[in-house]
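Student: make a model of this:
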Amino acid sequence: MLSICIPVYNVDVTKLVSDLHTQIQKLNESIEIILIDDASDLEIKVKNRLLKEYCKIIELETNVGRSKIRNLFVSQCKHPSLLFLDCDSEIISSTFLAKYIQELNRLNPKVLFGGSIYSEQVPEKKYLLRWKTSRNKESKSIKDRNLNFNWGFKTNNFVIEKELLQKIAFNENLCGYGHEDTLFAFDLFRANVSVIQSANSVLNANLDTNHVYLKKTKEALANLVEVLKILKYDKEFIKHIPLLKTYFLLKKNGFLFILKPIFWCIKPTLFSCLKSGVFFLWMFDLYKLIEFSRIHSVK
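Tutor: Just a heads-up that it's a prediction; the model follows:
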């Protein structure tokens, strides 16, 4: 009935797979677990190989990236429904799989999104940027997620029909980090496929340091520029991405040209605050606008 798909990169997934296996044993359903390792370090591969009793493991010789690795699962899975989980996810409900099975039987959805939450415990300052922004933007109630239709979709915890993923694959032109889920959600939207929201979250267990998250943010913004090119600056897409909506509004009204010198002056201060973990959320939004403006002007 269900194939659990876990793309792995440099994460020991022993606990995740063990927790899933425990739940599978309690269900009278045909469920498989498949790991595809995206050229992790040997130390991680050796640890995860010990899980071969519980799951099918495929190891790639070269890193193929976040889009292509998800598309690869289609040819490896035997069941019609695919549950994708990020390798750093933590199962927080003892009925996690049972609930998905019930919803698949009851709703017969093409795409079902369970979402993620972050710990309520405030971490050290060096992890605050990822924790604070993700709790604000990703740890949403199902009511809030329903308001945004497909636009809150993430790839860390969702179920999709295998047949649909064969038709609407992740765009493999995006090779770096970030926004492959944004583009995929828009492709679903254009195909009139609704993402059904589920109150079946996982815990996002690993936090990036402020420095690493800022680096990833730059990579994601560069990918967002690529998404714009792929979509030929689709107005509907821009309308639903707050950063893009703000950027192009400022550009259209001539304010961007006026603000650029101010942006360059305040950017170092913003970066220092964000890196230190002493910031307000609006500062990160402003930093992304400034960085996007820089990247977009040179690409």
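Student: so how far is the helix or strand residue 227 falls within from its chain's centroid?
Tutor: Take DSSP states H and E as the rule and residue 227 turns out to sit in helix 210-230. Averaged C-alpha coordinates place helix 210-230 at 13 Å from its chain's average position (Cα atoms, centre = their mean, to the nearest Å).
Student: and the strands in the protein?
Tutor: 2-8, 31-37, 56-59, 81-85, 89-90, 111-113, 116-117, 157-161, 195-197, 202-204 (DSSP state E).
Student: okay, the ones you listed in TSV with mean neighbour count and distance to residue 242 next?
Tutor: For every residue, glycine as well, the C-beta is placed using N, CA and C. Shown next, in TSV, are the strands of the chain (neighbours: other Cβ atoms under 10 Å; distance: least, Cβ to Cβ, whole Å):
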stretch	mean neighbour count	distance to residue 242
strand 2-8	24	28
strand 31-37	21	33
strand 56-59	16	38
strand 81-85	23	25
strand 89-90	20	26
strand 111-113	23	20
strand 116-117	20	20
strand 157-161	23	22
strand 195-197	21	19
strand 202-204	21	21
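Student: in JSON lines: those strands, plus distance to residue 291.
Tutor: Listed next are the strands of the chain as JSON lines, based on distance: least, Cβ to Cβ, whole Å:
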{"stretch": "strand 2-8", "distance to residue 291": "27"}
{"stretch": "strand 31-37", "distance to residue 291": "32"}
{"stretch": "strand 56-59", "distance to residue 291": "35"}
{"stretch": "strand 81-85", "distance to residue 291": "29"}
{"stretch": "strand 89-90", "distance to residue 291": "28"}
{"stretch": "strand 111-113", "distance to residue 291": "28"}
{"stretch": "strand 116-117", "distance to residue 291": "24"}
{"stretch": "strand 157-161", "distance to residue 291": "28"}
{"stretch": "strand 195-197", "distance to residue 291": "28"}
{"stretch": "strand 202-204", "distance to residue 291": "23"}
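Student: let me have those strands in JSON lines, extended by distance to residue 229 and mean pLDDT.
Tutor: Formatted as JSON lines, the strands of the chain follow (distance: least, Cβ to Cβ, whole Å; pLDDT from 0 to 100):
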{"stretch": "strand 2-8", "distance to residue 229": "25", "mean pLDDT": "97"}
{"stretch": "strand 31-37", "distance to residue 229": "28", "mean pLDDT": "97"}
{"stretch": "strand 56-59", "distance to residue 229": "31", "mean pLDDT": "97"}
{"stretch": "strand 81-85", "distance to residue 229": "26", "mean pLDDT": "97"}
{"stretch": "strand 89-90", "distance to residue 229": "31", "mean pLDDT": "95"}
{"stretch": "strand 111-113", "distance to residue 229": "25", "mean pLDDT": "94"}
{"stretch": "strand 116-117", "distance to residue 229": "29", "mean pLDDT": "90"}
{"stretch": "strand 157-161", "distance to residue 229": "26", "mean pLDDT": "96"}
{"stretch": "strand 195-197", "distance to residue 229": "24", "mean pLDDT": "90"}
{"stretch": "strand 202-204", "distance to residue 229": "30", "mean pLDDT": "93"}
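Student: mind checking these for the one nearest to residue 131?
Tutor: strand 202-204 (9.4 Å; Cβ to Cβ).
Student: just checking, what packs against the closest one?
Tutor: strand 89-90, strand 116-117 (3 or more Cβ pairs under 8 Å, 6 or more residues apart in numbering; DSSP states H and E).
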